[in-house]
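[1] sequence and predicted model, in that order:
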Amino acid sequence: SALSPHTLHERPFGTNFQNIYSIFEAAAARRPSRPCFGTRFRADGSVGPFSWQTYEEVAARVQAFAAGLWQLHVVPASADGKRFVGLYMKNSPEWMVAAEACYRTGVCIVPMYDTLGPETVSYIQGQTLATTVICTAAELPQLLKACPFSHVVVTGPIKPDLLAKAKSTKAFTLITFADLEKLGAANLALLPSVPPPEPADLAMLCYTSGTTGDPKGAMLTHGNILAAIANASYPEWGLFTTDSAGPQEVHLSYLPLAHVFETVVINYCLFAGCAIGFYQGDTLKIIEDLAALRPTTVLPSLPLCGTI
């Protein structure tokens, strides 16, 4: 950059992070009792004010989910030693819990836009050979029609008839997100045996939306994301403070996490120990979510082009 023309910063300033999970881990150590992830959804699917889980509570969920993935052997290694898991849903606390669990254990996430059709989902699975996908009840009907995955982890409220249909299908094995967490919580002792990833290891396969043909996947490493956050958090222009005694900033996550932009933004927010609220999943209700959350400092967005 212009402020650092002779030095390439590969890590956020003042750190020696080796993987993306280290960002969250450090924030949880600094601000264990502060809000981390918030949602307006209740257990029954109704919407209310934002409710929060602390960094400490989210960290426990991440550990449990990571252990659950390994205990059930649903992220097998490919011929070249890589492990993949699909994320096929809109932004949510569970999206990030699953992602952080993968960042901790060296599993590469494969985010897919929730708007993708069955052909595109099958195409991506065929390239990655991922055996497991994580989704919500909204994506489940499509997977019941055509599912290339062996295991489906579903999160959020689900109608009894849909749940029964998904459990009875022979196309895949259904696991609820909550059950996977419970299983992992009882098997946390296995996590120390799982080595954390290195900077050069794959963290994310970022696929295009497929509007101009077959989706194309960009191979992003932990080092790539760390370097992007290093640039965004450079002291001369960094937006947030990482001082645990300072104010806690608030971010609304609504841009798709399947895109690298929001992936960098949300991990930068975690680096700063921000409180992150997730939108309802409906762009027409973002104003309502903004009023309920009142985010601070910055609202990332994309330019809109059109004619008048």
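    Sure thing, it's come through.
[2] pLDDT averaged over the longest helix along the chain, what's the number?
    Determined from DSSP state H, the single longest helix within the chain is helix 55-71. For helix 55-71, mean pLDDT is 98.
[3] can you give me how far that helix is from the chain middle?
    Between the centre of helix 55-71 and the centre of its chain there are 13 Å (Cα atoms, centre = their mean, to the nearest Å).
[4] and whichever helix or strand comes after it with helix 55-71, angle?
    Tracing the chain past helix 55-71, the next element assigned as helix or strand by DSSP states H and E is strand 84-88. Computed by axes from the mean of the first three to the mean of the last three Cα atoms, to 10 degrees, the angle separating strand 84-88 from helix 55-71 equals 120 degrees.
[5] note down every partner strand of strand 84-88 and its orientation.
    strand 108-112 (parallel), strand 132-136 (parallel) (DSSP bridges).
[6] just the C-alphas of the longest helix of the chain, formatted as CSV.
    Only the C-alpha atoms of helix 55-71 are listed here, as CSV (Å, rounded to 0.1, in the frame of the first residue of the first chain):
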residue,chain,number,x,y,z
TYR,A,55,-18.0,-14.6,22.5
GLU,A,56,-17.5,-17.3,25.2
GLU,A,57,-20.8,-18.9,24.3
VAL,A,58,-20.1,-18.9,20.6
ALA,A,59,-16.6,-20.3,21.2
ALA,A,60,-18.1,-23.2,23.1
ARG,A,61,-20.5,-23.9,20.1
VAL,A,62,-17.6,-23.7,17.6
GLN,A,63,-15.6,-26.3,19.6
ALA,A,64,-18.6,-28.6,20.0
PHE,A,65,-19.5,-28.4,16.3
ALA,A,66,-15.9,-29.0,15.2
ALA,A,67,-15.7,-32.1,17.5
GLY,A,68,-19.1,-33.3,16.1
LEU,A,69,-17.9,-33.1,12.5
TRP,A,70,-14.9,-35.3,13.4
GLN,A,71,-16.7,-37.7,15.7
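[7] between the strands paired with strand 84-88, which gets nearest to N224?
    N224 lies closest, by Cβ to Cβ, to one member of those: strand 108-112, at 12.3 Å. Where C-beta positions appear, they are placed from N, C-alpha and C, glycine not excepted.
[8] return the distance of the following helix or strand past that closest one from the chain's centre.
    If you walk from strand 108-112 toward the C-terminus, the next helix or strand you reach (DSSP H and E) is helix 118-128. Its chain's C-alpha centre and that of helix 118-128 lie 19 Å apart, by Cα atoms, centre = their mean.
[9] for the stretch 201-308 of the chain, which spans come out with low pLDDT?
    210-211, 235-242, 244, 297, 302-308 (pLDDT under 70).
[10] run the last query once more with 80
    Residue ranges of the stretch 201-308 of the chain with pLDDT under 80: 209-213, 232-246, 297-308.
[11] what about the helices in it?
    In the stretch 201-308 of the chain, the helices defined using DSSP state H, counting those that start in this stretch lie at 222-232, 260-271, 286-293.
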